[in-house]
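Trainee: Prediction below, plus the sequence it came from.
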Amino acid sequence: MERVRKWVQVIIGFLTNSSWSFPFTKTIYQGPLKVICAPGLNCYSCPAATTSCALGSIQQLLGGLRFALENSQYYFGFSVLGSIGVLGGMFGRMICGWACPFGFVQELLHKIPSRKFGIPRLLSYGKFVFLLLFVVVLPLVLVDEFGTGNPWFCKFVCPAGTLEAGLPMLLLQPNLRNTIGLLFLNKFVILILFLTWAIFSSRPFCRTACPLGAFYALFSKVRLVKLHLDEARCTNCKACHHVCPMGVKFNESPNDPECITCLACMNKACKFDAISLEIGGIPLAAPDRGMSPANKP
Amino acid sequence: MNQTTHPHHKKRPLRKPPFVVIPAFLLLWLIGVATGEPARILEQAVQVCLSCIGIG
């Protein structure tokens, strides 16, 4: 199943970045598909991006809200919120585990042999601060003399934007190199910090700073596709704790907002068939190893 | 043939919240589309966002 997940990550990463004419055009894809929001974190200024970024779009819409309202344009970001909300209601943070290119990059980096470290649970609240403050409040409230706000998260934090768009665009358009300043340096340092951290800890950006992950985490209890814990079969052996890339203690918190439904606990850890995948309460087949608490060791 | 029921196939009640949340966000999406937001999104997304990539 892990191999299937990797292939899904590769295919979705390719589908959201499938415009490969940029070496010739020297710019980004400008076709109609850009009206669709990518499910994961994928910068729409990436030269290969065929979709838009939900976070970028919502910040731009909120930043321009005053100007839009003055022109009787009611651009509150409902279409963006609606599209990622439907995805969140269906899959929640399964998107992070199966469809986010930047999450995939972090997973690959974590495979580099090194000493591995956990991430304190307290830091996981950081992404909710980024969502509320950098994606909603600051673009809406801090505006210039024309009444326009900045895309604060994209401009000052997003390492995916630097990796997927900033660096490639600097390579493609040499004239942009003259504009490099403190802003770029700040974002470049943030990128290097998260990429280095990803070698030593699993998915640090997803766990501590990703506003899109924070949004999908809000659906942890109500999403359609989720993992189910059969408490009658759980022996509290804690095997699921050791394999989770997000630091979730699944048997203690089956609706944990951090769960990206990578299925590692179900397929790699639980020997008692206590974890299964369900759709809206309807269970799907889980690996049956013929063990139950009645015949546990 | 002796057929046994898989333990995970025991009948569980259908969870209702997803069937409320998904249509609610679908409705929100439709409202956004009706106000013409997608055209504005497209307009933004086809331009290189210099501030997004840290060089503007």
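Mentor: Looks like it came in fine.
Trainee: Only C-alpha atoms from now on, for both contacts and neighbour counts.
Mentor: Will do.
Trainee: Now for the closest residue to A:C210 other than its chain neighbours, which secondary structure element holds it?
Mentor: Spatial nearest neighbour of A:C210, excluding adjacent residues (C-alpha to C-alpha, 6 or more residues apart in numbering or on different chains): A:K127 at 5.2 Å. According to DSSP states H and E, A:K127 maps onto helix A:126-129.
Trainee: Need the contact partners of that helix.
Mentor: By C-alpha atoms under 8 Å, 6 or more residues apart in numbering or on different chains, the residues outside helix A:126-129 that reach it are A:207-211, A:213-215.
Trainee: pretty sure A:C53 contacts A:C43?
Mentor: Yes - the pair formed by A:C53 and A:C43 meets the contact definition of C-alpha atoms under 8 Å, at 5.5 Å.
Trainee: more crowded one of those two?
Mentor: Using other C-alpha atoms under 10 Å in any protein chain shown as the criterion, A:C53 and A:C43 rank with A:C43 on top: 35 against 27.
Trainee: thought the more buried one was touching A:S52?
Mentor: Yes - look at A:C43 against A:S52 with C-alpha under 8 Å: they come within range, at 7.0 Å.
Trainee: Tell me which other helices or strands the strand or helix carrying A:L227 touches.
Mentor: If you go by DSSP H and E, A:L227 is part of strand A:225-229. Strand A:225-229 sits against helix A:78-91, strand A:275-279, with contacts defined as 3 or more C-alpha pairs under 8 Å, 6 or more residues apart in numbering or on different chains; DSSP states H and E.
Trainee: Now find how far off-centre the longest helix along chain B is within its chain.
Mentor: As assigned by DSSP state H, the longest helix anywhere in chain B is helix B:17-34. Here the centre of helix B:17-34 is set off from its chain's centre by 8 Å, with C-alpha atoms, centre = their mean, to the nearest Å.
Trainee: Go ahead and name everything in contact with it.
Mentor: By C-alpha under 8 Å, 6+ apart, helix B:17-34 touches A:75-83, A:85-86, A:89-90, A:222-224, A:280, B:38.
Trainee: Show me which residues of the following helix or strand past it are buried.
Mentor: Where DSSP H and E defines the elements, the next helix or strand beyond helix B:17-34 is helix B:37-45. Across helix B:37-45, burial judged by 16 or more other C-alpha atoms under 10 Å in any protein chain shown covers B:37-38, B:41-42, B:44-45.
Trainee: Among the residues you listed, find me the one that's closest to chain A.
Mentor: Taking C-alpha to the nearest C-alpha as the measure, chain A lies nearest B:L42 of the buried residues of helix B:37-45, at 4.9 Å.
Trainee: Throw the buried residues of helix B:37-45 into TSV and include pLDDT, thanks.
Mentor: Formatted as TSV, the buried residues of helix B:37-45 follow (pLDDT from 0 to 100):
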residue	pLDDT
B:E37	95
B:P38	95
B:I41	94
B:L42	94
B:Q44	90
B:A45	91
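Trainee: Against chain A, which of those residues make the cut? List them.
Mentor: Restricting the buried residues of helix B:37-45 to those near chain A by C-alpha under 8 Å from any C-alpha of the partner chain leaves B:37-38, B:41-42, B:44-45.
Trainee: before we move on, back to that, include distance to A:V135 when you put the contacts of helix A:126-129 into CSV, please.
Mentor: As requested, those are exported to CSV (distance: C-alpha to C-alpha, whole Å):
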residue, distance to A:V135
A:R207, 17
A:T208, 15
A:A209, 12
A:C210, 11
A:P211, 8
A:G213, 13
A:A214, 11
A:F215, 11
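Trainee: Return the subset of those lying in helices.
Mentor: A:207-208, A:211, A:213-215.
Trainee: I'd like the residues you listed written out as a markdown table, with distance to A:Q106, neighbour count and pLDDT added.
Mentor: Below are the ones in helices among the contacts of helix A:126-129 laid out as a markdown table (distance: C-alpha to C-alpha, whole Å; neighbours: other C-alpha atoms under 10 Å in any protein chain shown; pLDDT from 0 to 100):
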| residue | distance to A:Q106 | neighbour count | pLDDT |
| --- | --- | --- | --- |
| A:R207 | 11 | 23 | 98 |
| A:T208 | 13 | 22 | 98 |
| A:P211 | 16 | 26 | 98 |
| A:G213 | 14 | 28 | 98 |
| A:A214 | 17 | 26 | 98 |
| A:F215 | 19 | 21 | 98 |
